[in-house]
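In: Sequence first, predicted model second:
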Amino acid sequence: MSGKNCFEILEKIFKAKNYQEINEIKGYTIKYGKIVDGEEIIDEVLVSYFKEPKSYTTENMCEINSHGGNIIVKKILELCLKNGAELAEPGEFTKRAFLNGRIDLLQAESVIDIIHAKSQRETKTGIKQLEGVLSRQIASIKQEVLDIMINLEVSIDYPEYDVETLTNQQIKEKLVKVEQELKILEKSFDSGKVIKEGIKTAIIGRPNAGKSSLLNAILKEERAIVTAQEGTTRDTIEEFVTIDGIPLKLIDTAGIRKANDEVERIGIAKSKETAKEADLIIAIFDASRELSQEDVEILEFIKGKKAIILLNKIDLECKISENDERLKEITNHIIKISALNGKGIEKLNQEISNLFHLNEINVDNDIIITNIRQKNLITKAIENLKKAQETIENKMPLDIIAIFIKEILEDFGKITGEVASEEIINEIFAKFCLGK
Ligand code: GDP
């Protein structure tokens, strides 16, 4: 519970073993006792006390740690509600931390990212953002714009005074510098997107080419972390495989691990459907057999797309060469593997990493934007910076330049949440789960 009166509610339902007046209990204290409903003992619990302003929300807070289990937890929740507490909205705790000024919007958004993170790299970027690395960078860039604004205002408001103001050329140079700094952040979203969403990967190949064996090989060889999610369309499953911190989102693998006859039934048409929305296509061929008509069809299909060709079953006698012109004219990313014994899987990882420049992503040192809302606002600020520069080039009056600079400052305000509308804020916190 969080809020001014949460301890009053707590007192009605919690009997501490060694009773103390609430104002005698220090923050960051845990007390042992029982949750009671009148005479009835509900559970034996530990309660943590946090006193304002030193809590997650900056309000008075308490946390009841009960034995697990749905019945007990539900009963305690009901007791709290019966005694005057209100059920939190999704993300309400973090929202209060934001509204009470403990964190900015960038940090609040990083909490969602950390909760939903699917890879080490994603948690790392989230934690860094929560610590305020991005907030500080934005604040520092904003300060540069603010300095320009102050200078402009002095020139506009006190033209008669001989105060030292920047020349138009100097203002322009400063704007160019700010633009460059923002462009670095904007560009980081390329990596950010990969970190957050993973590389949407479709494995295609005709029945028996070795799709499911490949998947198993990836899982086994790399001791990969796998999480399965229901896809948006019926019948699809999205699986995240994280290999050396590289998140691969394998889409529509529903058929891949099913029995062979079902794979047959699903066929290539289905694979093509899946591959349409992929960032990467892994096309797998049975190299122990000549290229079939279906294989040629697959090759046609991946032409011009970001794709890797796998020649599988190289432990058997090879009937397809990696130098085959029909393959080489499609892509030069051709790897020989044996899904059965795991040979070549490491090479495949390397190839994916190269294709997406994954080793250039440095989550430890670079500031990386992973959030589309933040990225869009940065893009908008860059556009306004360009407009401001144009007005200077066109020798427009200072107050016109000032209009664009003001817009840029507003864009910054929206990024950190200083001037974000209620609607936007609600939308952001709706993405949270309950109790966060
Ligand atoms: P899918 O239909 O594309 O999913 O193909 P599977 O992964 O089910 O593989 C079809 C058959 O080929 C199975 O009997 C596998 O054991 C076999 N297979 C897969 N990869 C290899 C390989 O690298 N070498 C050999 N010898 N057999 C393989």
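Out: Noted; the coordinates are in hand. Residues are numbered from 1 along each chain as shown.
In: burial of His116, as a residue count?
Out: 14 (other Cβ atoms under 10 Å). In this view, the C-beta of every residue, glycine as well, is placed from N, C-alpha and C.
In: What pLDDT does the model give the residue lying closest to Gly205 once chain neighbours are set aside?
Out: Among residues not flanking Gly205 along the chain, Ile284 sits closest, at 3.8 Å (Cβ to Cβ, 6 or more residues apart in numbering). Looking at Ile284, its pLDDT reads 93.
In: ok, for Thr123, nearest residue in space, not its chain neighbours?
Out: Using Cβ to Cβ, 6+ apart, the closest residue to Thr123 is Ala117 (4.3 Å).
In: Let's verify Ile64: helix, strand, or coil?
Out: Assigned state for Ile64: strand (three-state reduction, DSSP: H, G, I helix; E, B strand; the rest coil).
In: beta partners for it?
Out: In this structure, Ile64 bridges to Val47 when assessed by DSSP bridges.
In: Wait, it touches Val45, no?
Out: Yes - counting by Cβ atoms under 8 Å, Ile64 does reach Val45; the two are 5.4 Å apart.
In: my guess is Lys249 is in a strand, correct?
Out: Yes - counting by three-state DSSP, one finds Lys249 located in a strand.
In: tell me the pLDDT at the closest residue to it other than its chain neighbours?
Out: Spatial nearest neighbour of Lys249, chain neighbours left out: Gly198 (3.6 Å); criterion: Cβ to Cβ, 6+ apart. For Gly198, the pLDDT comes out at 85.
In: List the residues that contact the residue nearest to Lys124 when sequence neighbours are not counted.
Out: Nearest residue to Lys124 in three dimensions, chain neighbours excluded: Val363, at 4.6 Å (Cβ to Cβ, 6+ apart). For Val363, the contact set (Cβ atoms under 8 Å, 6 or more residues apart in numbering) comprises Arg121, Lys124, Thr125, Lys128, Ile195.
In: Give me the contact list for the helix or strand the fourth one falls within.
Out: Yep, that's Lys128 we're talking about. Taking DSSP states H and E as the criterion, Lys128 maps to helix 120-130. Helix 120-130 is touched from outside by 103, 106-107, 109-111, 113-114, 117, 134-135, 192, 195-196, 242, 245, 247, 361, 363-364, 367-368, 370, with contacts defined as Cβ under 8 Å, 6+ apart.
In: Out of these, which sit inside helices?
Out: Leu106, Gln107, Glu109, Ser110, Val111, Asp113, Ile114, Leu134, Ser135, Gly192, Ile195, Lys196 (DSSP state H).
In: Next one: the residue nearest to the second one when sequence neighbours are not counted from Tyr56, what distance?
Out: Here the nearest residue to Gln107 in space, its sequence neighbours aside, is Leu130; by Cβ to Cβ, 6+ apart that works out to 5.3 Å. Distance of Leu130 to Tyr56, given as Cβ to Cβ, to the nearest Å: 12 Å.
In: So for Ile320, what's the pLDDT?
Out: 94.
In: What of the one 3 residues further on?
Out: Per-residue confidence (pLDDT) for Asn323: 93.
In: again with Gln229
Out: 49.
In: circling back: any figure for the gap between the residue nearest to Lys249 and Glu277?
Out: For Gly198, the distance to Glu277 - Cβ to Cβ - is 13 Å.
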